[in-house]
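Colleague: after the sequence you'll find the predicted model.
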Amino acid sequence: MRSACRHGDVVNRSIATALRTVVAVSLFSLSLATTSLAADEPVQTEASKAQVAKLLDKMGEHYGKANTLSERRDAFEQLMQKTPGPSRVQIRQVDAGGVDAEMIWPARLHYSIGKRAILYVHGGGFYSGSLDTHRASAASFAKAASADVLLIDYRLAPEYAYPSQIDDTLTAYLWLLDSGYESGNIVVLGDSAGANLAIEAVLRQIKLRGPPPAAVITISAVTDLAATGVSIKTNAANDPFGNALQIEAARKAYLGDRSPSDPRVSPLYADMTGFPPLLMQVGSREISLDDTLRLAGKAEQAGVDVTTEVLPGMVHQWQLFPFWLDDARKSNQRAAEFALQHFADKPRQ
């Protein structure tokens, strides 16, 4: 497994070590298990702490009185409406095999659309998120990875329950193949619940013996809908998305009576054999920290090429805010570089 630690911004550890020692990586000396960070391991800077504090204040303005899933869906939209929009990109509305989507590509002279693609699956707990909430993030990946980004507007719970979201994700991937993109030039990227959908769609594609993408990137991945990870409890006080009642409500809206430990809905319980190279980024403050560490360990045991990054002090879906968080900008750049490393056809320098 490769290490991706650079400039003291990212805590990277081998998954084997994570499995042996349950690492503690909290900004506020919150122990996740038995050990604390070694003295020579990177920690969050004071500037980063201040940036995250400001972000949490902005989140609180919108989420403070949002108790129901519908209210939280609206709060997410309102928060993201106050963020800078995309720049220096071209955007086109597309019908990706029946899935509403936008194709976003860099507005560069002589840029060749139709060569490399990132399928972007937005997060939002399966019940929220949209083209509007993730358009700027998708645009930043288009520019950084010199790729076309297909941002999909998959169906949401509770109006549409499982497996609608995974169906839409796989349909969009197959549409890219049908549109002429080679599987070796497609990377699938998802954040939060979108990471769950990205992994599950690729697992289904492998089971169907179809060509998998060149790589998969997950950010703040939700991999265990049974919520059995230790960090669900130990990070609850530090994660603004750490409300157990909200997690339960989202799970019921998405799954109904289906078991949350079904491998078709929770990748943690799935067979990862044959999965493409995988980058998993997660913040140390997240309740879903263990969702990343445990799945990364399981994937590595199945022979998957896994790179894991734990960013000190970062909150759930921090990568959506590169205009407010230096760490978001840097982690997104590393994710784009990971995509570039795995595209079969590299862009011209």
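Modeller: That came through, no problem.

Colleague: residues contacting residue 275?
Modeller: By CB atoms under 8 Å, 6 or more residues apart in numbering, the residues touching residue 275 are 199, 202, 203, 206, 212, 216, 299, 302, 304. C-beta here means a position set from N, CA and C on the backbone, and glycine is covered the same way.

Colleague: please enumerate the helices of the stretch 101-250 of the chain.
Modeller: 131-144, 164-178, 193-207, 231-234, 244-255 (DSSP state H, counting those that start in this stretch).

Colleague: mean neighbour count and distance to residue 56 added to the ones you listed, as TSV?
Modeller: Listed next are the helices of the stretch 101-250 of the chain as TSV, based on neighbours: other CB atoms under 10 Å; distance: least, CB to CB, whole Å:
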stretch	mean neighbour count	distance to residue 56
helix 131-144	23	18
helix 164-178	21	28
helix 193-207	25	21
helix 231-234	20	18
helix 244-255	17	16
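
Colleague: circling back to that earlier point, tabulate the contacts of residue 275 in a markdown table, adding columns for pLDDT.
Modeller: Formatted as a markdown table, the contacts of residue 275 follow (pLDDT from 0 to 100):
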| residue | pLDDT |
| --- | --- |
| 199 | 98 |
| 202 | 98 |
| 203 | 98 |
| 206 | 98 |
| 212 | 98 |
| 216 | 98 |
| 299 | 98 |
| 302 | 98 |
| 304 | 98 |
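
Colleague: let me know the closest of these to residue 266.
Modeller: Closest to residue 266 out of those is residue 199 (9.7 Å), distances taken as CB to CB.

Colleague: spatially nearest residue to that closest one, not counting backbone neighbours?
Modeller: residue 267 (4.4 Å; CB to CB, 6 or more residues apart in numbering).

Colleague: of the contacts of residue 275, closest to residue 47?
Modeller: When these are compared for distance to residue 47 (CB to CB), residue 216 comes out closest, at 31.3 Å.

Colleague: hmm, residue 277 and the closest one touching each other?
Modeller: Yes. At 7.5 Å, residue 216 counts as touching residue 277 under the criterion of CB atoms under 8 Å.

Colleague: which of these two has more neighbours?
Modeller: Neighbour comparison, residue 216 and residue 277: the larger count goes to residue 216, with 29 against 19 (by other CB atoms under 10 Å).

Colleague: who touches stretch 60-78?
Modeller: Residues contacting stretch 60-78 (CB under 8 Å, 6+ apart): 79, 124-125, 127-130, 132-133, 156, 158, 240, 246, 249-250, 253.

Colleague: endpoints of it, how far apart?
Modeller: 12 Å (CA to CA, to the nearest Å).

Colleague: and whatever helix or strand residue 341 lives in with helix 131-144, angle?
Modeller: If you go by DSSP states H and E, residue 341 is part of helix 326-342. Note on geometry: by axes from the mean of the first three to the mean of the last three CA atoms, to 10 degrees, helix 326-342 and helix 131-144 are set 60 degrees apart in direction.

Colleague: and helix 326-342, what's buried?
Modeller: 327-328, 330-336, 338-340, 342 (16 or more other CB atoms under 10 Å).

Colleague: got these as JSON lines, with distance to residue 54 and pLDDT columns?
Modeller: Listed next are these as JSON lines, based on distance: CB to CB, whole Å; pLDDT from 0 to 100:
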{"residue": "327", "distance to residue 54": "13", "pLDDT": "96"}
{"residue": "328", "distance to residue 54": "13", "pLDDT": "96"}
{"residue": "330", "distance to residue 54": "17", "pLDDT": "96"}
{"residue": "331", "distance to residue 54": "18", "pLDDT": "96"}
{"residue": "332", "distance to residue 54": "19", "pLDDT": "97"}
{"residue": "333", "distance to residue 54": "21", "pLDDT": "97"}
{"residue": "334", "distance to residue 54": "23", "pLDDT": "97"}
{"residue": "335", "distance to residue 54": "23", "pLDDT": "98"}
{"residue": "336", "distance to residue 54": "25", "pLDDT": "98"}
{"residue": "338", "distance to residue 54": "28", "pLDDT": "98"}
{"residue": "339", "distance to residue 54": "29", "pLDDT": "98"}
{"residue": "340", "distance to residue 54": "31", "pLDDT": "97"}
{"residue": "342", "distance to residue 54": "34", "pLDDT": "98"}
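
Colleague: low-scoring stretches of the stretch 151-300 of the chain, by residue?
Modeller: Filtered on pLDDT under 70, the stretch 151-300 of the chain yields the residue ranges 241-245.

Colleague: okay, the residue nearest to residue 199 and residue 283: tell me how far apart.
Modeller: According to CB to CB, to the nearest Å, residue 267 stands 19 Å off from residue 283.

Colleague: cool, residue 84 as well?
Modeller: Distance from residue 84 to residue 283, counting by CB to CB: 22 Å.

Colleague: in TSV, list the contacts of residue 275 along with distance to residue 193.
Modeller: Shown next, in TSV, are the contacts of residue 275 (distance: CB to CB, whole Å):
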residue	distance to residue 193
199	11
202	15
203	16
206	21
212	21
216	15
299	19
302	23
304	21
